[in-house]
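Peer 1: Sequence and predicted structure are below.
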Amino acid sequence: MAERFANIDTVYQTVLALANKEQRGYITPQEFNLYAIRAQMEIFEQYFYDLDQFRRGIMKFQTDYAPSIQSDLENKISKFLKETSGSGANVSNPLADDHYKISSVVGVKEGYRCDVEMVNKDEATKIINSGYLTRPTSKRPIGYLFNNNIYILPANTDTIISYYRRPNKPNWTYIVVNEKAIFNENLSTQHFELDKSEETKLILKILGYAGVAIKDLPLAQAAAQADNNIAIQQKR
């Protein structure tokens with residue numbers, strides 16, 4: 001595993017130490033893996049929310065260095081960008097199960113490339129039925145997402161689809177020695193796909209989930225407050 005990514009064992013051992021439970025007690029490996037999946041997705045989804053806020057000018061920069069925050073967010077999500085192509089012979093273009101968010105759809109026909117205007121299914125129906133002049137053409141195609149498929153109109157348009165995939169689900173693997181879970185890295189191990197700099201946030205979020213699960217309100221509140229403080233500090 002590349003060192004730049006958050007190490008799942010480092011996160012797990014730190015969580016156990018902070019919860020004062022080195023012996024699996026409060027947080028079992030199974031529980032940890034569930035919390036780890038939630039924590040990673042929460043941070044991942046926050047990237048897109050914050051980036052949208054910056055681009056729309058809703059989130060204001062507080063320091064001269066703050067513009068680098070937007071660039072940092074773009075770099076963090078860029079590794080999840082994938083590209084696939086669709087044949088014009090197909091009515092629809094199925095998206096992979098790992099897709100999270102569409103970045104762009106480009107129509108291609110006879111060497112001509114153009115952006116596909118993405119609308120919802122009802123809007124697509126209205127456009128088609130509104131009259132000859134507004135119907136989609138190979139130079140002005142439209143598309144809509146339905147049941148994990150992208151439908152392109154007109155249907156004989158080839159496509160290049162760029163989308164962001166979901167991060168792989170983290171999985172802390174182990175063997176049991178003297179009734180204690182010991183980390184055992186193997187082919188089923190999945191480290192976090194977030195940057196190593198996110199280890200502290202992952203730890204705090206997981207502690208927060210664990211505190212709620214074991215009804216340890218002070219632990220949950222302390223973790224949530226620390227996580228919130230980091231989020232505020234990063235945006236200043």
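Peer 2: Now that the structure is in, tell me what you want to look at.
Peer 1: what mean pLDDT would you report for the lengthiest helix in the chain?
Peer 2: For the chain, the longest helix by residue count, based on DSSP state H, is helix 29-55. Averaging pLDDT along helix 29-55 gives 94.
Peer 1: Could you list the buried residues of that helix?
Peer 2: The neighbour-count check on helix 29-55 (16 or more other CB atoms under 10 Å) flags 29, 31-37, 39-40, 43-44, 47, 50-51, 54 as buried. (C-beta placed from N, C-alpha, C; glycine too.)
Peer 1: Relative to Ser188, which of these is nearest.
Peer 2: Asn33 (10.9 Å; CB to CB).
Peer 1: what residues are up against that closest one?
Peer 2: Lys169, Pro170, Asn171, Trp172 (CB atoms under 8 Å, 6 or more residues apart in numbering).
Peer 1: Compile those into TSV and extend it with columns for pLDDT, neighbour count and secondary structure.
Peer 2: TSV is the format used below for the contacts of Asn33 (pLDDT from 0 to 100; neighbours: other CB atoms under 10 Å; DSSP: H, G, I helix; E, B strand; the rest coil):
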residue	pLDDT	neighbour count	secondary structure
Lys169	97	14	coil
Pro170	98	25	coil
Asn171	98	16	strand
Trp172	98	22	coil
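Peer 1: which residue sits closest to the spatially most central residue of the chain, ignoring its sequence neighbours?
Peer 2: The centroid of the chain falls nearest to Phe44 when counting by CA atoms, centre = their mean (4.1 Å). Distances taken as CB to CB, 6 or more residues apart in numbering put Pro167 closest to Phe44, at 5.6 Å, once the chain neighbours are dropped.
Peer 1: so how far is Leu34 from that neighbour?
Peer 2: To Leu34, Pro167 is 15 Å away according to CB to CB, to the nearest Å.
Peer 1: Correct me if wrong: Pro167 contacts Ala39.
Peer 2: No. Between Pro167 and Ala39 there is no contact under CB atoms under 8 Å: 10.9 Å.
Peer 1: can you pull out the helices in this structure?
Peer 2: Taking DSSP H as the test, the helices found in the chain are 8-18, 29-55, 67-78, 121-129, 199-213, 217-234.
Peer 1: Who are the contact partners of Ala181?
Peer 2: Arg24, Thr28, Pro29, Tyr174, Ile175.
Peer 1: Need the max-distance pair from these.
Peer 2: Checking these with CB to CB, the most distant pair is Thr28 and Ile175, at 14.4 Å.
Peer 1: on that earlier part again, so what's the residue nearest to the centre of the chain up against?
Peer 2: By CB under 8 Å, 6+ apart, the neighbours of Phe44 are Phe80, Tyr100, Arg166, Pro167, Leu194.
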